[in-house]
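*Asks:* Next one to model:
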Amino acid sequence: MPGEARAEIQLGELIERYLAASGAYGNPAALSALGLSPGQTERAFSQFDEDYMISRFLHFSNQSGEAFRINGFPQTHVAIDAGIKAVL
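*Replies:* As a prediction, the model looks like this:
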């Protein structure tokens, strides 16, 4: 849609970054460790969190560390289930 902000990162690349930061599916990774700018992090995860086929594999938490606004909520970490491979 014209003028609509889209995530600048594809899901596959985001998963690769997550695995590098977390070590394995299911482990929490700091959102700040994914190597994206704050705006990229917020846009990408907000967009993926709005997609049911993707969001059911994303588990956000608000722990200590740099917080990002994901769909309006402060989050610091994400854990991603291995089942996400089904939508890649």
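*Asks:* From now on I want contacts and neighbour counts done on CA atoms only, so please keep to that.
*Replies:* Noted.
*Asks:* helix/strand/coil for the spatially most central residue of the chain?
*Replies:* Nearest residue to the geometric centre of the chain (CA atoms, centre = their mean): residue 45, 4.1 Å. What DSSP: H, G, I helix; E, B strand; the rest coil gives for residue 45 is helix.
*Asks:* For residue 78, list each beta-bridge partner.
*Replies:* residue 29, residue 60 (DSSP bridges).
*Asks:* Tell me the pLDDT of it.
*Replies:* The model reports residue 78 with a pLDDT of 98.
*Asks:* And for residue 3?
*Replies:* Reported pLDDT for residue 3: 42.
*Asks:* Next one, pLDDT for the residue nearest to the centre of the chain please.
*Replies:* 98.
*Asks:* what's the nearest residue to it if we skip its chain neighbours?
*Replies:* residue 70 (6.3 Å; CA to CA, 6 or more residues apart in numbering).
*Asks:* ok, now which ones touch the one you found?
*Replies:* Residue 70 makes contact with 42-43, 45-46, according to CA atoms under 8 Å, 6 or more residues apart in numbering.
*Asks:* mind listing what residue 31 touches?
*Replies:* 41, 66-68, 75-78.
*Asks:* let me fix that: residue 60
*Replies:* Per CA under 8 Å, 6+ apart, neighbours of residue 60: 75-79.
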